[in-house]
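Asker: No sequence on hand, only this structure:
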Ligand code: PGA
(Lines give C-alpha, C1' and ligand atoms only; values in the text may rest on other atoms or scores of the structure.)
Protein backbone atom coordinates (compact mmCIF):
# COMPACT_ATOMS: atom_id res chain seq x y z
CA UNK A 1 0.00 0.00 0.00
CA UNK A 2 1.12 3.56 -0.70
CA UNK A 3 1.87 6.09 2.01
CA UNK A 4 -0.30 9.19 1.63
CA UNK A 5 0.89 12.68 2.48
CA UNK A 6 -1.94 15.17 2.02
CA UNK A 7 -1.58 18.91 2.61
CA UNK A 8 -4.74 20.73 3.68
CA UNK A 9 -4.30 24.42 2.91
CA UNK A 10 -7.67 25.43 4.40
CA UNK A 11 -8.52 29.13 3.80
CA UNK A 12 -5.00 30.16 2.76
CA UNK A 13 -3.21 31.26 -0.42
CA UNK A 14 -4.47 33.32 -3.33
CA UNK A 15 -4.47 31.67 -6.76
CA UNK A 16 -1.10 33.30 -7.47
CA UNK A 17 0.45 32.13 -4.20
CA UNK A 18 -0.91 28.62 -4.73
CA UNK A 19 0.57 28.47 -8.21
CA UNK A 20 4.03 29.57 -7.03
CA UNK A 21 3.93 27.04 -4.19
CA UNK A 22 2.95 24.24 -6.56
CA UNK A 23 5.66 25.21 -9.03
CA UNK A 24 8.32 25.00 -6.28
CA UNK A 25 6.93 21.78 -4.84
CA UNK A 26 6.89 20.05 -8.23
CA UNK A 27 10.48 21.13 -8.81
CA UNK A 28 11.62 19.69 -5.48
CA UNK A 29 9.61 16.48 -5.67
CA UNK A 30 10.74 13.29 -7.39
CA UNK A 31 8.01 11.04 -8.67
CA UNK A 32 7.75 8.48 -5.86
CA UNK A 33 5.90 5.27 -6.61
CA UNK A 34 5.25 4.38 -2.98
CA UNK A 35 4.37 7.86 -1.66
CA UNK A 36 1.17 9.50 -2.85
CA UNK A 37 1.44 13.24 -2.33
CA UNK A 38 -1.65 15.44 -2.61
CA UNK A 39 -2.56 19.01 -1.75
CA UNK A 40 -5.97 20.48 -1.00
CA UNK A 41 -5.91 24.11 -2.18
CA UNK A 42 -8.83 26.51 -1.88
CA UNK A 43 -11.53 25.99 -4.48
CA UNK A 44 -10.53 28.95 -6.65
CA UNK A 45 -7.08 27.49 -7.23
CA UNK A 46 -8.21 23.99 -8.24
CA UNK A 47 -8.88 24.77 -11.88
CA UNK A 48 -5.63 26.64 -12.65
CA UNK A 49 -3.56 24.18 -10.61
CA UNK A 50 -5.15 21.27 -12.46
CA UNK A 51 -3.51 22.61 -15.64
CA UNK A 52 -0.16 23.05 -13.90
CA UNK A 53 0.10 19.84 -11.90
CA UNK A 54 2.20 16.81 -12.83
CA UNK A 55 -0.08 14.00 -11.75
CA UNK A 56 2.78 11.49 -11.59
CA UNK A 57 4.18 13.51 -8.71
CA UNK A 58 1.17 14.96 -7.02
CA UNK A 59 -2.62 14.86 -7.05
CA UNK A 60 -5.14 17.54 -6.23
CA UNK A 61 -7.70 17.25 -3.47
CA UNK A 62 -10.77 19.40 -2.75
CA UNK A 63 -11.48 20.52 0.80
CA UNK A 64 -15.23 20.15 0.40
CA UNK A 65 -18.00 20.05 -2.22
CA UNK A 66 -21.79 19.72 -2.30
CA UNK A 67 -23.56 16.39 -2.67
CA UNK A 68 -26.02 17.29 -5.42
CA UNK A 69 -24.56 17.23 -8.92
CA UNK A 70 -26.43 20.35 -10.15
CA UNK A 71 -29.54 22.43 -9.46
CA UNK A 72 -30.77 25.42 -7.50
CA UNK A 73 -28.13 25.47 -4.72
CA UNK A 74 -26.78 29.01 -4.73
CA UNK A 75 -23.17 29.27 -3.70
CA UNK A 76 -22.35 25.56 -3.83
CA UNK A 77 -19.94 23.66 -6.07
CA UNK A 78 -20.57 19.98 -6.80
CA UNK A 79 -18.28 16.98 -7.05
CA UNK A 80 -19.64 16.68 -10.58
CA UNK A 81 -18.19 20.11 -11.38
CA UNK A 82 -14.85 19.17 -9.85
CA UNK A 83 -14.65 15.92 -11.75
CA UNK A 84 -11.49 15.83 -13.84
CA UNK A 85 -9.81 18.56 -11.79
CA UNK A 86 -9.19 16.51 -8.65
CA UNK A 87 -8.52 12.94 -7.60
CA UNK A 88 -9.41 13.29 -3.91
CA UNK A 89 -11.70 15.31 -1.68
CA UNK A 90 -11.75 15.77 2.07
CA UNK A 91 -15.24 15.06 3.41
CA UNK A 92 -16.48 15.84 6.90
CA UNK A 93 -13.40 17.68 8.11
CA UNK A 94 -13.98 18.74 11.72
CA UNK A 95 -14.02 22.41 10.67
CA UNK A 96 -16.92 21.56 8.35
CA UNK A 97 -18.67 19.63 11.11
CA UNK A 98 -18.26 22.17 13.91
CA UNK A 99 -18.14 25.55 12.13
CA UNK A 100 -20.57 24.75 9.29
CA UNK A 101 -22.74 22.24 11.17
CA UNK A 102 -22.33 19.31 8.79
CA UNK A 103 -23.85 16.20 10.35
CA UNK A 104 -23.20 12.55 9.55
CA UNK A 105 -26.15 12.45 7.11
CA UNK A 106 -24.71 15.30 5.05
CA UNK A 107 -21.25 13.78 5.27
CA UNK A 108 -22.62 10.43 4.05
CA UNK A 109 -24.23 12.07 1.01
CA UNK A 110 -20.97 13.82 0.19
CA UNK A 111 -18.97 10.58 0.46
CA UNK A 112 -21.42 8.93 -1.95
CA UNK A 113 -21.39 11.91 -4.32
CA UNK A 114 -17.59 11.88 -4.48
CA UNK A 115 -17.53 8.17 -5.36
CA UNK A 116 -20.32 8.63 -7.93
CA UNK A 117 -18.11 11.24 -9.61
CA UNK A 118 -14.93 9.14 -9.55
CA UNK A 119 -13.31 11.17 -6.77
CA UNK A 120 -11.80 9.37 -3.78
CA UNK A 121 -13.34 10.72 -0.56
CA UNK A 122 -11.04 11.17 2.43
CA UNK A 123 -13.59 10.79 5.24
CA UNK A 124 -12.37 12.74 8.28
CA UNK A 125 -13.46 11.56 11.71
CA UNK A 126 -12.38 12.40 15.23
CA UNK A 127 -13.55 13.10 18.74
CA UNK A 128 -13.54 16.47 20.51
CA UNK A 129 -11.66 17.12 23.73
CA UNK A 130 -14.79 16.81 25.89
CA UNK A 131 -15.93 13.61 24.13
CA UNK A 132 -12.54 12.09 24.97
CA UNK A 133 -12.73 13.37 28.55
CA UNK A 134 -16.17 11.73 28.99
CA UNK A 135 -14.94 8.41 27.60
CA UNK A 136 -17.03 8.72 24.42
CA UNK A 137 -14.20 8.41 21.89
CA UNK A 138 -15.03 4.89 20.72
CA UNK A 139 -18.73 5.70 20.25
CA UNK A 140 -17.99 8.91 18.35
CA UNK A 141 -15.50 7.19 16.06
CA UNK A 142 -17.88 4.30 15.35
CA UNK A 143 -20.83 6.65 14.73
CA UNK A 144 -18.89 8.97 12.41
CA UNK A 145 -17.35 6.04 10.54
CA UNK A 146 -20.52 3.96 10.06
CA UNK A 147 -22.61 7.13 9.56
CA UNK A 148 -20.23 8.63 7.01
CA UNK A 149 -20.05 5.41 5.01
CA UNK A 150 -23.77 4.64 5.23
CA UNK A 151 -24.55 5.59 1.62
CA UNK A 152 -21.62 3.71 0.09
CA UNK A 153 -22.54 0.44 -1.63
CA UNK A 154 -20.65 -2.52 -0.14
CA UNK A 155 -18.80 -3.15 -3.39
CA UNK A 156 -17.50 0.44 -3.39
CA UNK A 157 -16.13 0.38 0.13
CA UNK A 158 -12.56 -0.05 -1.10
CA UNK A 159 -12.84 3.38 -2.79
CA UNK A 160 -12.62 5.39 0.43
CA UNK A 161 -9.79 6.73 2.56
CA UNK A 162 -10.28 7.41 6.27
CA UNK A 163 -8.48 10.20 8.15
CA UNK A 164 -8.43 10.10 11.94
CA UNK A 165 -8.11 13.64 13.23
CA UNK A 166 -8.75 14.13 16.94
CA UNK A 167 -10.31 17.60 17.05
CA UNK A 168 -8.29 18.52 20.16
CA UNK A 169 -5.02 17.85 18.33
CA UNK A 170 -5.72 20.04 15.29
CA UNK A 171 -3.50 23.12 15.43
CA UNK A 172 -6.46 25.52 15.22
CA UNK A 173 -7.95 24.10 18.46
CA UNK A 174 -7.73 26.59 21.35
CA UNK A 175 -5.30 24.53 23.40
CA UNK A 176 -4.14 22.00 20.83
CA UNK A 177 -2.28 19.05 22.33
CA UNK A 178 -0.23 16.51 20.42
CA UNK A 179 -1.77 13.05 20.28
CA UNK A 180 0.66 10.38 21.43
CA UNK A 181 1.44 7.54 19.03
CA UNK A 182 -0.26 5.17 21.53
CA UNK A 183 -3.46 7.23 21.49
CA UNK A 184 -3.41 7.21 17.69
CA UNK A 185 -2.71 3.47 17.59
CA UNK A 186 -5.69 2.71 19.81
CA UNK A 187 -8.19 4.63 17.67
CA UNK A 188 -6.73 3.38 14.39
CA UNK A 189 -7.15 -0.18 15.71
CA UNK A 190 -10.78 0.62 16.47
CA UNK A 191 -11.32 2.10 12.99
CA UNK A 192 -9.87 -1.00 11.31
CA UNK A 193 -11.86 -3.35 13.55
CA UNK A 194 -15.09 -1.44 12.86
CA UNK A 195 -14.47 -1.53 9.10
CA UNK A 196 -13.70 -5.25 9.23
CA UNK A 197 -16.76 -6.05 11.36
CA UNK A 198 -19.08 -4.02 9.13
CA UNK A 199 -17.81 -4.79 5.63
CA UNK A 200 -15.54 -7.81 6.10
CA UNK A 201 -11.81 -8.00 6.77
CA UNK A 202 -10.89 -8.79 3.19
CA UNK A 203 -12.83 -5.92 1.64
CA UNK A 204 -11.39 -3.35 4.03
CA UNK A 205 -7.79 -4.48 4.62
CA UNK A 206 -6.47 -2.10 1.95
CA UNK A 207 -8.45 0.98 2.98
CA UNK A 208 -5.84 3.62 3.83
CA UNK A 209 -6.14 5.19 7.28
CA UNK A 210 -4.38 8.54 7.69
CA UNK A 211 -3.63 10.54 10.82
CA UNK A 212 -3.89 14.31 11.18
CA UNK A 213 -3.50 16.81 14.00
CA UNK A 214 -0.54 19.21 14.31
CA UNK A 215 1.66 16.96 12.19
CA UNK A 216 5.11 18.49 11.68
CA UNK A 217 8.56 17.33 10.58
CA UNK A 218 9.41 16.64 14.23
CA UNK A 219 6.56 14.19 14.87
CA UNK A 220 5.74 12.81 11.38
CA UNK A 221 8.11 9.86 11.69
CA UNK A 222 6.53 8.81 14.98
CA UNK A 223 3.00 8.85 13.58
CA UNK A 224 4.00 7.08 10.36
CA UNK A 225 5.36 4.14 12.34
CA UNK A 226 2.11 3.64 14.27
CA UNK A 227 0.73 0.25 13.16
CA UNK A 228 -2.19 0.70 10.77
CA UNK A 229 -1.38 4.33 9.85
CA UNK A 230 -0.88 4.71 6.09
CA UNK A 231 -0.24 8.42 5.85
CA UNK A 232 -0.73 11.91 7.18
CA UNK A 233 -3.14 14.79 6.70
CA UNK A 234 -1.11 17.93 7.31
CA UNK A 235 -2.62 21.37 7.87
CA UNK A 236 -0.43 24.20 9.16
CA UNK A 237 2.91 22.59 8.36
CA UNK A 238 1.84 22.06 4.73
CA UNK A 239 1.66 25.84 4.27
CA UNK A 240 5.42 26.05 4.72
CA UNK A 241 6.89 24.45 1.62
CA UNK A 242 10.11 23.23 3.26
CA UNK A 243 8.23 21.62 6.13
CA UNK A 244 5.89 19.83 3.74
CA UNK A 245 8.85 18.58 1.69
CA UNK A 246 10.56 17.44 4.92
CA UNK A 247 7.45 15.44 5.86
CA UNK A 248 7.35 13.81 2.41
CA UNK A 249 11.03 12.89 2.74
CA UNK A 250 10.42 11.45 6.21
CA UNK A 251 7.63 9.30 4.73
CA UNK A 252 10.05 8.11 2.06
CA UNK A 253 12.63 7.21 4.71
CA UNK A 254 10.08 5.38 6.87
CA UNK A 255 8.99 3.38 3.81
CA UNK A 256 12.48 2.28 2.80
P1 LIG B 1 -3.12 20.85 11.47
O2 LIG B 1 -4.44 20.60 10.61
O3 LIG B 1 -2.02 19.99 10.88
O4 LIG B 1 -2.83 22.31 11.30
O5 LIG B 1 -3.43 20.48 12.87
C6 LIG B 1 -4.81 19.31 10.21
C7 LIG B 1 -6.19 19.35 9.61
O8 LIG B 1 -7.03 20.12 10.10
O9 LIG B 1 -6.47 18.63 8.63
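Answerer: Yep, it's here. Given the structure is predicted, the values throughout are model-derived calculations rather than measurements. Numbers count the residues shown, from 1 in each chain.

Asker: Residue 186: what's it in contact with?
Answerer: Listed by CB atoms under 8 Å, 6 or more residues apart in numbering, the contact set of residue 186 is empty. C-betas here are computed from N, CA, C, even on glycine.

Asker: Show the subsequent helix or strand relative to the helix or strand harbouring residue 113.
Answerer: Assigning secondary structure by DSSP states H and E places residue 113 in helix 104-116. Helices and strands here follow DSSP H and E; after helix 104-116, the next one along the chain is strand 120-125.

Asker: got the buried residues for the next helix or strand after that next one?
Answerer: Downstream of strand 120-125, the next assigned helix or strand under DSSP H and E is helix 129-133. By neighbour count with 16 or more other CB atoms under 10 Å, helix 129-133 contains the buried residues 129, 131, 132.

Asker: quick one: which of the residues you listed is nearest the ligand?
Answerer: Among the buried residues of helix 129-133, residue 129 lies closest to the ligand (CB to the nearest ligand atom), at 13.8 Å.

Asker: Around the ligand, pick out the residues from the stretch 51-200 of the chain.
Answerer: 165, 170, 171 (CB under 6 Å from any ligand atom).

Asker: if you set the cut-off to 8 Å instead, what comes out?
Answerer: For the stretch 51-200 of the chain, the contact set with the ligand under CB under 8 Å from any ligand atom comprises 90, 93-95, 124, 163, 165, 169-173, 176.

Asker: Mind checking which of those are in helices?
Answerer: 94, 95 (DSSP state H).

Asker: still on that earlier bit, from the contact counts, what lies against the helix holding residue 113?
Answerer: helix 79-82, strand 88-91, strand 120-125, helix 137-148 (3 or more CB pairs under 8 Å, 6 or more residues apart in numbering; DSSP states H and E).

Asker: circling back to that earlier point, now the buried members of the residues of the stretch 51-200 of the chain next to the ligand.
Answerer: Burial by neighbour count, judged by 16+ other CB under 10 Å, picks out 90, 93, 94, 95, 124, 163, 165, 169, 170, 173, 176 from these.

Asker: Pull the contacting residues for the second one.
Answerer: Residue 93 is in contact with 8, 63, 64, 124, 165, counting by CB under 8 Å, 6+ apart.

Asker: wait, which of those is closest to the ligand?
Answerer: Within the contacts of residue 93, proximity to the ligand (CB to the nearest ligand atom) peaks at residue 8, which comes in at 4.2 Å.
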